[in-house]
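Peer 1: Here is the input, now give the coordinates:
(chains A, B, C and D)
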There are 4 protein chains.
Amino acid sequence: QNPIALIAGPCVIEDAERTLAIGRAIKAIADRLHIPYIFKASYDKANRSSYNSFRGPGLKEGLQILAHIKKELDVPVVSDIHCITQIEAAAEVLDILQIPAFLCRQTDLVYEAARSGKVINVKKGQFLAPLDMKNVIAKIEEAGNKNILLTERGATFGYNNLVADFRALPIMRSLGYPVVFDATHSVQLPGGAGTTSSGQREFVPYLTRAAVATGIDVLFMEVHDNPPEAKSDGPNMLYIDQVEALLQDVLAIDTIVRKHK
Amino acid sequence: QNPIALIAGPCVIEDAERTLAIGRAIKAIADRLHIPYIFKASYDKANRSSYNSFRGPGLKEGLQILAHIKKELDVPVVSDIHCITQIEAAAEVLDILQIPAFLCRQTDLVYEAARSGKVINVKKGQFLAPLDMKNVIAKIEEAGNKNILLTERGATFGYNNLVADFRALPIMRSLGYPVVFDATHSVQLPGGAGTTSSGQREFVPYLTRAAVATGIDVLFMEVHDNPPEAKSDGPNMLYIDQVEALLQDVLAIDTIVRKHK
Amino acid sequence: QNPIALIAGPCVIEDAERTLAIGRAIKAIADRLHIPYIFKASYDKANRSSYNSFRGPGLKEGLQILAHIKKELDVPVVSDIHCITQIEAAAEVLDILQIPAFLCRQTDLVYEAARSGKVINVKKGQFLAPLDMKNVIAKIEEAGNKNILLTERGATFGYNNLVADFRALPIMRSLGYPVVFDATHSVQLPGGAGTTSSGQREFVPYLTRAAVATGIDVLFMEVHDNPPEAKSDGPNMLYIDQVEALLQDVLAIDTIVRKHK
Amino acid sequence: QNPIALIAGPCVIEDAERTLAIGRAIKAIADRLHIPYIFKASYDKANRSSYNSFRGPGLKEGLQILAHIKKELDVPVVSDIHCITQIEAAAEVLDILQIPAFLCRQTDLVYEAARSGKVINVKKGQFLAPLDMKNVIAKIEEAGNKNILLTERGATFGYNNLVADFRALPIMRSLGYPVVFDATHSVQLPGGAGTTSSGQREFVPYLTRAAVATGIDVLFMEVHDNPPEAKSDGPNMLYIDQVEALLQDVLAIDTIVRKHK
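Peer 2: So this is what the prediction gives:
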C-alpha cells in the first residue's frame, strides 16, 4: 500500500546538460508532490527502426552522465541494458537494470542481470500474455534475486499499433511483484512513420489516469522539454509542462484506489 | 461536466419479480450515492451462441415488465432492439433504444430507431475502430436525432477474447456525444465456454475504475443477485453486493477527472 | 472430393443490364474451365459505412433482376438476406441464402432462413473463432436443414484491417460442411477510407491460390468490369479480365490438393 | 523463378548422432525430389519460456556438430545467433546466419552479422508489420551485404496465438529479396502450455501448401523423428515420415505458381 512512485526522464541521453535539466525539472515537480522519483534515460537505443537514427552516447559516456545526474539530483537511476557484456558496468551506476520488451525472453540477459543483485525492471514483450511473465520472474528468482518490477508497455494490436490491456496490470500484480505502467510507450505506433515509430501523445493523460485507477505501483513516462525536437520517441513523449497537473490527478486517484493494492 | 450516470440491471429478464428486485436494489444504492440511474434488462437475447439458450420473455411480455419496473422504480429504462419491427412498440416504453454491437452497422435499424426520437445508445461493434463511429452517428443525425450515446464494450483481440482499448473513450467523446463504458461486456470471453460465452468478472472493478478515470459520462454494468445462477452472462455479471463499494470509488474518481470531460 | 466451385458476381446490383453482362462474362469463363458457377450480387447493401452510400435496387426489384439472370444464364443464384421478413420472397428466387458476417449470430435470422430448406451460406463473423461456427451450424440443423456452406472472409486484426487465418479453413471443414473462401472481402480494409471501406485488390490472387491450396470447396469472389467505377467494394473487387488466368491456377492447384479434401 | 528450396532440421541439437540422422533422412528426401536443401538446427535456444528448459550444446560444441553435419551431408547449414560475440565463430561454420524474430530490430546484431558477408536470414518479429522489414534490410545493406532472406513465422494475434498473414509474403517479396515461410513456427501457440509454448502440428501441411501457392522462395520447417520426445518445439515439429508427401505437393504447387514469382 505504498504511494505511487515515478520513473521519468527523456527517452535517450541527447547531451549531458539537457538531460540533467530535464531530470532537474521533473525532480522539482516530484518533490513538490512528495512522489518518490527515479530518473530514466537510455545511453543507447539499440533497436531503432533505422540504422542511421540517433542512438545516444553509448555505454561508457552514458553511464558517466547517469552517474553525474544520480549525484546531482540525489535520485536513483534506471536505464536499459541490451547485452550481458553491459551488465557489470551498468550495475556500478544504475539502481535499476531495465530489460527491454523485445528482449524479455532472452534467458541469459535476464538471468545475468538478475545476478547483479540490482532491481530488475522487465518490460513485458508486446508479444507476450501478461500471465506468461511468471516465466520471466522464475528466471530472475532462479538467480536469487527478488527485486523485480514488471512493466506494461502495450501489446501488439494488428500492425503498427499497440493496445494497453488494463487486465494485464492486476494479472501481473497477482504474480507478487510491483507493477509499472509505461504510459508513453503504450501510445507508440511502431513503425507508424515509415522509418521511425510514431506515437499518440494526446492519449497519455487518459491512459495514465486509467492505469493508476486500476492500482499500480509505479508510473513510467518519458518527458522532454521540447518533444518535437527530441532525437527519439518525440511523438509520444510528454512535455515537461504537462507533468505536474497530470501527477496531481495521479496522486488523487492513487489515494482512492490504494486500498485495493 | 455532469456527474457520471449509471445504466445497470440484469442481462436478461428472467422473471418479473426477480428483475424488479434487482432494479430496486440498484436503485437504492444509486439513490444513496446520488447517481442518476437508468434500468437495463433485455427482453430477448437475439444472438446467443446456442439455439437452445434462454432468450427471455420476448418483446410483448418483456416490454410490459419493463414498463412496470419503470413505474415502480420511477427510473428511465433501456433495452436493446434487434429488428425494425420492434421499434414502434419499444419506443412506447423505453427511454433509450440500444443498438447491439453486432448490429451497429445495420443502416435501417439504426436509422429507424433514430426516427423514433428516443435516445439511441449504440454499442460499438467489436470489429469497429472507435473513429468509425462517426459514420454511425451520421446515420442517426440523418434521421434528425441528436440524442446519442456511444458505448465501448471491447474490441476483438485474437479469438475468444476482447480488449478494452481506453483510447476509444476519448476518441468517441471527441465525436461530440456522451460516452458509456460497458464494464461487464468488456470482460466477456466470446465463445470461451464452447457453447456459451465465458467472462472474467474479477476484472470488472479494475476496468470500471480505469474507464471512469479517463473521463466518461455513463457507466454500464450488468448486475445480478446471484450471477452463477443467471440464465445469461453469469460469468461476467457483478454481484449486487459488489456494486456500492465500486460506485463509491467511481464517484470519487469522477470528481477528480470531471474537469477533463 | 468434388472439384472446386465458384461463387462470383458484382458486389451489388448496379443496374440490370450491367449486372447480367458481368454474370455472362464470368459464366463464359467458368464454362470454358468446366467450373460449376453460382451467380452472386446483393439487392441491398444493408450495412454500408455511410447512410448516403448506394444500397442497390432493394428486395423486390433486386429479386426480379436475379430471377432474370438465373434464367438467362441458367445458373444458381445467391444473395444475402438481412431480416426475417425477406426470407420468403428471397427463397422463391435464390438457390442459396447468404447470412452476412455481422449477422451470423442472429438466431432468428439464421433459423428462419434454414427453415426455408434452401442452402444456407453463413459468412463467419469477423469477431468469431472458426470453431465457434459449430454453434451456428447447430442453429441451422435445429431447423432441419443440412444444406450448409461456411465462408471465411477475414478476421478482425487491430483496427481497419482484416487477416485471413488459413487455419480457419480446415477447422471449419472439420465441422462437416463445405467451406467457401471469400477472396475479395478478406482483403477489405474496413472503414479504411474514412466514410467507406477500402481494400487491397492486389492481394486477391495470392490469397485465392493460398486458400485453394489448403483444400476448399468453393471460391467466392466479387468481380466487376470496371471496379474503380463500382458503387460498392470497388477497391477489393477483381477486374473480369483477371478472372480466367487466376481460375486456371485455381484449377491446377485444386487438382493437386483434392486428395486432401 | 528458381524452384523452391528447403531449410529443415530439428529445432535444437539434442545430440550429434540423432541430429545427423534427422539431417540425413531429410537430405535423402530432398535428393529424391531434387529440392535444394539447407540443414538447420540451433546450438542454443536462448529464449526458452523457462529457465530450466533444455537449451542445446552451446556455441562451441554446437558449431562442431554443425560442421560435421555440413561435411557429412554436403549441404549448407544455417543456425541462429543471439549475440554479436557469437558471429565470428558462427560465420566460420555456417552458410546462413539467422536472426531470431525477437531480435530482428537489434541494430548491432543485425549489422555485425551482415558484416560477416554471410547470407543473413531475418525472421520477421511477431510484432512487426511486413513492410517494416524494409528498415531491417536497410541495416543489412548498410553493412554492404545484399545476401538476405526474409522469413515469415507468424504475427501476434491476441494472447498465446499467432496468425500467418499471407499478405506478408508478397509484401516482403516486393522488397527485393527471397522470402522464406517458416511453416512450423507459424503454428506455435506461444506460452500456450504454461511453462512452454505449445503448437498445432496438424495445420502445418495446410499452411505450407498455402504459402507455396502464394509464390515463395524457400520453405522452412522443423522436423524430428519423434516430435513428442523432442526437447524443444515438439508440438509443432513435423514427423520425418510426413515430409516427403508434403514436399511432393509443394513441388507440384510451386511449378504452377513459379511464373508469378
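
Peer 1: Correct me if wrong: A:Gly154 contacts A:Leu189.
Peer 2: No - using CB atoms under 8 Å, A:Gly154 is not in contact with A:Leu189, being 10.1 Å away. The C-beta positions use only the backbone N, C-alpha and C, and glycine is treated the same way.

Peer 1: burial count for the residue nearest to A:Thr196 when sequence neighbours are not counted?
Peer 2: The spatial neighbour of A:Thr196 that comes closest, neighbours along the chain excluded (CB to CB, 6 or more residues apart in numbering or on different chains), is A:Ser49 at 5.2 Å. Using other CB atoms under 10 Å in any protein chain shown, A:Ser49 has 23 neighbouring residues.

Peer 1: now A:Tyr159
Peer 2: Neighbour tally, A:Tyr159, other CB under 10 Å: 24.

Peer 1: what's it sitting at in phi/psi?
Peer 2: Backbone torsions for A:Tyr159, taken as degrees, to the nearest 10, come to phi -100, psi 140.

Peer 1: one step back: so the residue nearest to A:Thr196, which state does it fall into?
Peer 2: coil (DSSP: H, G, I helix; E, B strand; the rest coil).

Peer 1: residue contacts, it?
Peer 2: A:Gly191, A:Thr195, A:Thr196, A:Ser197, D:Arg105, D:Asp132, D:Asn135 (CB atoms under 8 Å, 6 or more residues apart in numbering or on different chains).

Peer 1: I'd guessed A:Ala164 sits against A:Ala211; true?
Peer 2: Yes - between A:Ala164 and A:Ala211 there is a contact at 7.4 Å, judged by CB under 8 Å.

Peer 1: now the nearest residue to A:Thr255 once chain neighbours are set aside: how far from C:Lys123?
Peer 2: Spatial nearest neighbour of A:Thr255, excluding adjacent residues (CB to CB, 6+ apart): A:Pro3 at 8.0 Å. The gap separating A:Pro3 from C:Lys123 is 52 Å, by CB to CB, to the nearest Å.

Peer 1: where's the residue nearest to A:Thr255, which helix or strand?
Peer 2: Using DSSP states H and E, A:Pro3 sits in no helix or strand.

Peer 1: residues near A:Arg32, how many?
Peer 2: 11.

Peer 1: so what's the spatially closest residue to it that is not a sequence neighbour up against?
Peer 2: Excluding the flanking residues, the one nearest A:Arg32 by CB to CB, 6+ apart is A:Glu244, at 7.4 Å. By CB under 8 Å, 6+ apart, the contact set of A:Glu244 is A:Ile29, A:Arg32, A:Leu33.

Peer 1: So which bits of the helix or strand harbouring the first one are buried?
Peer 2: Think A:Ile29. Counting by DSSP H and E, the element that carries A:Ile29 is helix A:16-33. Judged by neighbour count using 16 or more other CB atoms under 10 Å in any protein chain shown, the buried positions of helix A:16-33 are A:Ala16, A:Arg18, A:Thr19, A:Leu20, A:Ile22, A:Gly23, A:Ala25, A:Ile26, A:Lys27, A:Ile29, A:Ala30, A:Leu33.

Peer 1: right, and A:Lys134 touches A:Gly176 too?
Peer 2: No - the criterion here is CB under 8 Å, and A:Lys134 misses it with A:Gly176 at 9.3 Å.

Peer 1: and the two? which has more neighbours close in?
Peer 2: Legend: neighbour count by other CB under 10 Å for A:Lys134 and A:Gly176, higher for A:Lys134 (19 against 12).

Peer 1: what's the helix or strand that one falls within in contact with?
Peer 2: In this assignment (DSSP H and E), A:Lys134 forms part of helix A:133-142. Helix A:133-142 has contacts (CB under 8 Å, 6+ apart) with A:104-105, A:107, A:110-111, A:114, A:120, A:122, A:124, A:146, A:148, A:150, A:172, A:175-177, D:49-52, D:191, D:195.

Peer 1: so after that helix, what's the next helix or strand?
Peer 2: strand A:148-152.

Peer 1: Just give the strands next to that following strand in its sheet, each with its orientation.
Peer 2: Strand A:148-152 sits in its sheet next to strand A:119-123 (parallel), strand A:179-182 (parallel), going by DSSP bridges.

Peer 1: just the angle between it and helix A:133-142, please?
Peer 2: On the basis of axes from the mean of the first three to the mean of the last three CA atoms, to 10 degrees, strand A:148-152 is oriented at 160 degrees to helix A:133-142.

Peer 1: Return strand A:148-152 as CSV; C-alpha atoms alone will do.
Peer 2: Only the C-alpha atoms of strand A:148-152 are listed here, as CSV (Å, rounded to 0.1, in the frame of the first residue of the first chain):
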residue,chain,number,x,y,z
ILE,A,148,11.6,-7.2,-9.5
LEU,A,149,9.4,-4.7,-11.3
LEU,A,150,7.1,-5.7,-14.1
THR,A,151,6.2,-3.2,-16.7
GLU,A,152,3.2,-3.0,-19.1
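
Peer 1: for the next helix or strand after that strand, packing partners?
Peer 2: Following strand A:148-152 in sequence order, the next helix or strand is strand A:155-156 (DSSP H and E). Strand A:155-156 sits against strand A:162-163, strand D:155-156, with contacts defined as 3 or more CB pairs under 8 Å, 6 or more residues apart in numbering or on different chains; DSSP states H and E.

Peer 1: Quick one: mean pLDDT over strand A:155-156.
Peer 2: Across strand A:155-156, pLDDT averages out at 98.

Peer 1: go on, stretch A:110-125?
Peer 2: 98.

Peer 1: hang on, the earlier thing: if you count what's nearby, which of A:Pro3 and C:Lys123 comes out ahead?
Peer 2: C:Lys123 (24 against 14).

Peer 1: I'd say the more buried one and C:Ala101 touch.
Peer 2: Yes - counting by CB under 8 Å, C:Ala101 is a contact partner of C:Lys123 at 4.0 Å.

Peer 1: so what sits against both of these two?
Peer 2: Jointly contacting C:Lys123 and C:Ala101 under the rule CB under 8 Å, 6+ apart are C:Arg153, C:His185.

Peer 1: Check which residues of stretch A:148-160 are buried.
Peer 2: So, applying 16+ other CB under 10 Å, buried residues of stretch A:148-160: A:148-160.

Peer 1: Bridged to the spatially most central residue of chain A, which residues?
Peer 2: Geometric centre of chain A, nearest residue: A:Phe220, 4.8 Å, by CA atoms, centre = their mean. Beta-bridge partners for A:Phe220, by DSSP bridges, are A:Ile7, A:Asp182.

Peer 1: Now do the same contact list for it.
Peer 2: A:Leu6, A:Ile7, A:Ala8, A:Lys40, A:Thr151, A:Arg153, A:Val180, A:Phe181, A:Asp182, A:Ala183, A:Thr184, A:His185.

Peer 1: And A:Gly62, by the same measure?
Peer 2: A:Ile13, A:Ser42, A:Tyr43, A:Asp44, A:Gly56, A:Ser79.

Peer 1: Distance from the helix or strand in which it is found to the middle of the chain?
Peer 2: In this assignment (DSSP H and E), A:Gly62 forms part of helix A:59-73. Put simply, helix A:59-73 sits 17 Å off its chain's centre (CA atoms, centre = their mean, to the nearest Å).

Peer 1: Fine by me, we can end here.
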